[in-house]
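Participant: Okay, predicted coordinates and the sequence, questions at the end:
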Amino acid sequence: MAKLYGTTSSRTVEITVISGENLRVDRRSIKKNAFVVVRPDGGSDFRMTEIDADGGSYPRWDKKFVLDLPAQAPAVSVEVYCKTAFGNRVVGVARVPVSDFSGAYVPETYLHFLSYRLRDQRGERNGIINISVRSKVPPARAYTYSASASVPTPASSVGVPVGKNNYGGGVVTGLPVLYAYH
Amino acid sequence: MGGCFSDIKGGKQGIGGTPQRPIEEAGGGPNDAVDLFYRSHGLHSLFTPLELSLVGSNLRDRDITSKSDPIAVVFAQKNDGKLEELGRTEVLLNTLNPVWINKITVAYQFEMVQKIIFHLYDVDTKYHNIPVKTLNLKDQDFLGEASCFLSEIVTKQSRSLTLNLHSKNRPGVSTNLGTLTVHAEETVASRSVVDVVFRCSKLENKELFSKSDPFLRISRIIESGGSVPICKTEVVDNNLNPIWKRLSLSMHQFGSKDNPLIIECFDFNSSGNHVLMGKLQKSVAQLEQLHKEKTGANFVLPSSNRAQEKVLKGQLFVDHFNEKKQFSFLDYISSGYELNFMVAVDFTGSNGDPRRPDSLHYIDPYGRLNSYQQAIREVGEVIQFYDSDKHFPAWGFGGRKPDGTVSHCFNLSGIETEFEVAGVEGIMAAYASALHNVSLAGPTLFGQVVDRAAQIASQSLSHHGNKYFVLLIITDGVLTDLQETKEALVKASDLPLSVLIVGVGNADFSQMEILDADKGIRLESSTGRVATRDIVQFVPMREVQRGQISVVQALLEELPGQFLSHVRSRDLKPCNFGGAQTFA
């Protein structure tokens, strides 16, 4: 069921670039000035973190972005760079498939903590990038994760039986179905 | 201490801070040094000290002229059935409803089934001036006994359990001897955690050709006078004005905010002979003060002419200070969080024909448990206390079902729609009947059972957020497709799930060590996704049979930590936390 949601129109996601581990350029640990560019496939849109001046090869950004993913985007690229005196060097790139944070039985607004191996321009293994991703959904579809309500969403909306409804005539694709409730 | 710093790679990492996020925990490696320290001092790093308070009600009256003068004695029952005394309350005079003040301290260990036995006595007046420790219990009048498992108390929201007293060795025979209420409380206010970022300036250089490579070691001064190292920072290479990564100190480690800590700055040396660059003594409260005032504290060096200490130019600053509450495993468990148990059993051919006594699946007519049965029973008996409905999913893999197809995830119950069985005994029965109906085949693949467990864990998230799943896989051997298993585990690493693997038989289990990312190497899928955290724990059955600690303890000891890494990274609080619990 959950897989059907949101795959037809664009989706809004909250991506937090948390930290990097063991980042290298030319096989040597970088000393400072790593930054990250997050770029959804199939669009010109991108977001950039600040430069981490003192984290060395284990930088930490904790930077949250809200991005609109185009409907057909299969993945988001996370690109790690290092600013040097000779310009910006690519540390490595990771591709984050949309399927890693959507579908597969978990509630749609589940906070995913994801880590990826970075590959440099020659395709060689570099360090690791840690991110978290949460899909944003219209309030009516939100779900609360625990009794302590760490997700500030209206509890009354839990368990709307979307699947049992008939929208007055067959399947309508491309329509954000939940607006039918407003 | 030299041994703790012996290898350079490991030695340069920070150790002993309270892990913040699973990501850092996995990256930073296990806290071997701290663990070793505790173990070498006979302490288990994962135990939680609990204080038991006892209240009796409607006790039997053994005195003729007045009421009883009761005392309670608490024992732990060991595996061999022997009782070990844990402590005694004081003697209360002339009451049948005693509320004892003295608390009994017990070390709660998640990975063990801890049976506690309470004996109540009426102490004769002539013994009243003798210290309770030296009382000979045989001389006292017996008022009754009761027993329970420690996990029964800690899973209760009130953390209290009321037990019926019965006469000696006659449980079940109700003779109305009154009741005993036991309440358990964590002794240390261990919820407090302090995050600090340390920085130094103008450290004195200790090296000839380059600058020093400083790191900090923090020790707590203990009552007996010595000091116990509690953590150290990572090494900052070639820098006399270093800033270290954020360090988390739990109340567990530093005791109280006013407890003096020794902070030493060393120049790292790969030989292990780290050179002291300076030391100072500050309590956590004083560190907070340094942060508020943005001032530095000067390091000193013990000087050769004794009483004199040389004050150095080098200073310590606290760039960041933040105190927060961190909930314990028991906070979550008693508030209604559950551990849900699942089992998957290896039905591949390498186990040997179950009808032959040399088969790993041989069911002994005299009831001696085979390795599979042992693992199910021992792990199940610990975890069932934390699972309220006690319905456990149970699967087999690598077997040929009665319809002739080989399945890598079939229900042990034999019923297509029933993947759950009732209780540990239910698993045992389903396992035995599956051996009759399913023939052993192959290959050995874990992917499907891990995926199925992950699916159940995922689905539970939509209902309540307060379940954590534990999948026990028991296997005799070598995985046919290691990568397939890795893919499934990497995908599951973001879910409320841990996987315990028990290896039975004599196969080469080196693959399993790869899955168990204890050595700090994180699992990686073929698409480049890396496991968010370590969710696998592997133990070979044979190794444990030789040693003293049971397979179950070795298997379960990481579980509370894995549970906490999940809930803390998501900032989940215990359900309904906030109401202070009172106990009269």
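Facilitator: Yes, it's here. Residues are numbered from 1 along each chain as shown, chains lettered A, B, ... in the order given.

Participant: measure the residue nearest to B:Leu316 when sequence neighbours are not counted to B:Asp213 for me?
Facilitator: Take B:Leu316 and drop its neighbours on the chain: the residue closest to it by CB to CB, 6 or more residues apart in numbering or on different chains is B:Ala297, 5.0 Å away. Heads up, the C-betas are built off the backbone N, CA and C, glycines and all. Plainly put, B:Ala297 is 22 Å away from B:Asp213 if you go by CB to CB, to the nearest Å.

Participant: what packs against the strand ranked longest in chain B?
Facilitator: As assigned by DSSP state E, the longest strand anywhere in chain B is strand B:309-325. Judged by 3 or more CB pairs under 8 Å, 6 or more residues apart in numbering or on different chains; DSSP states H and E, strand B:309-325 is in contact with strand B:192-201, strand B:260-267, strand B:275-283, helix B:284-293, strand B:297-302.

Participant: Look at the nearest residue to B:Asp124 once chain neighbours are set aside and say how many residues are nearby.
Facilitator: In this structure, B:Asp124 finds its nearest non-sequential neighbour in B:Gln140, 6.5 Å apart by CB to CB, 6+ apart. Neighbourhood size, B:Gln140 [other CB atoms under 10 Å in any protein chain shown]: 21.

Participant: wait, B:Gln140 sits on B:His128?
Facilitator: No. Look at B:Gln140 against B:His128 with CB atoms under 8 Å: they stay out of range, at 11.5 Å.

Participant: Can you tell me how far the nearest residue to A:Asp52 once chain neighbours are set aside is from A:Val36?
Facilitator: When the adjacent residues along the chain are set aside, A:Asp52 lies closest to A:Pro59, with 3.7 Å between them (CB to CB, 6+ apart). For A:Pro59, the distance to A:Val36 (CB to CB) stands at 9 Å.

Participant: list residues touching both of those two?
Facilitator: A:Gly20 (CB atoms under 8 Å, 6 or more residues apart in numbering or on different chains).

Participant: just for chain B, where's the confidence low?
Facilitator: In the predicted model of chain B, residues B:1-47, B:169-174, B:187-190, B:223-225, B:252, B:305-307, B:518-520, B:543-550, B:576-584 satisfy pLDDT under 70.

Participant: what domains does the record give for it?
Facilitator: Here the domain parsing of chain B from the TED database is B:48-187, B:192-325, B:329-570.

Participant: The longest one vs chain A: in contact?
Facilitator: Yes. In terms of CB under 8 Å from any CB of the partner chain, part of domain B:329-570 sits within range of chain A, namely B:336, B:455, B:458-459, B:461-462, B:464-466, B:491, B:494-495, B:522, B:524, B:527-533, B:569-570.

Participant: mind checking how far that domain is from the chain centre?
Facilitator: Offset of domain B:329-570 from its chain centre (CA atoms, centre = their mean, to the nearest Å): 19 Å.

Participant: Stretch B:86-105 now?
Facilitator: Counting by CA atoms, centre = their mean, stretch B:86-105 comes out at 30 Å from the chain centroid.

Participant: List the buried residues for that stretch?
Facilitator: Buried residues in stretch B:86-105, counting neighbours by 16 or more other CB atoms under 10 Å in any protein chain shown, are found at B:Leu86, B:Gly87, B:Arg88, B:Thr89, B:Val91, B:Leu92, B:Leu96, B:Pro98, B:Trp100, B:Asn102, B:Lys103, B:Ile104.

Participant: Give me the contact list for it.
Facilitator: With CB under 8 Å, 6+ apart as the test, stretch B:86-105 has contacts from B:49-61, B:66-76, B:106, B:116, B:123, B:128, B:132-133, B:135, B:178, B:187, B:584.

Participant: near chain A too, which of the residues you listed?
Facilitator: Okay, of those, nothing touches chain A (CB under 8 Å from any CB).

Participant: Which members of those occur in strands, if any?
Facilitator: Among the contacts of stretch B:86-105, DSSP E puts B:49-57, B:70-76, B:106, B:116 in strands.

Participant: which of those residues count as buried?
Facilitator: Buried subset of those (neighbour count, 16+ other CB under 10 Å): B:50, B:52-56, B:70-76, B:106, B:116.

Participant: coming back round to it: now, the residues of domain B:329-570 next to chain A that are in helices?
Facilitator: Counting by DSSP state H, the members of the residues of domain B:329-570 next to chain A that fall within helices are B:Gln455, B:Ser458, B:Gln459, B:Leu461, B:Ser462, B:Lys491, B:Ser569.

Participant: what about the third one, how many residues close to it?
Facilitator: B:Gln459 is surrounded by 13 other residues when neighbours are defined as other CB under 10 Å.

Participant: what about the worst-scoring helix or strand of chain A on mean pLDDT, distance to the chain center?
Facilitator: Of all helical and strand segments in chain A, the minimum by mean pLDDT, DSSP states H and E falls on strand A:28-29, at a mean of 89. Taking the mean of its C-alpha atoms, strand A:28-29 sits 27 Å from the chain's own mean (CA atoms, centre = their mean).

Participant: Mind listing residues that contact it?
Facilitator: Contacts for strand A:28-29 (CB under 8 Å, 6+ apart): A:Asn22, A:Leu23, A:Gly56, A:Ser57.

Participant: Lowest-confidence one in those?
Facilitator: Within these, A:Gly56 has the lowest pLDDT, namely 83.

Participant: got a list of what that one touches?
Facilitator: Neighbouring residues of A:Gly56 by CB under 8 Å, 6+ apart: A:Ser29, A:Ile30, A:Lys31, A:Lys32.

Participant: burial of the second one, as a residue count?
Facilitator: Just to be clear, that refers to A:Ile30. Residues near A:Ile30, counting by other CB under 10 Å: 26.

Participant: Do I have it right that it meets A:Glu21?
Facilitator: No. If you go by CB under 8 Å, A:Ile30 and A:Glu21 don't touch, sitting 11.6 Å apart.

Participant: what sits in contact with each of the two?
Facilitator: Common neighbours of A:Ile30 and A:Glu21 (CB under 8 Å, 6+ apart) are A:Ser57.
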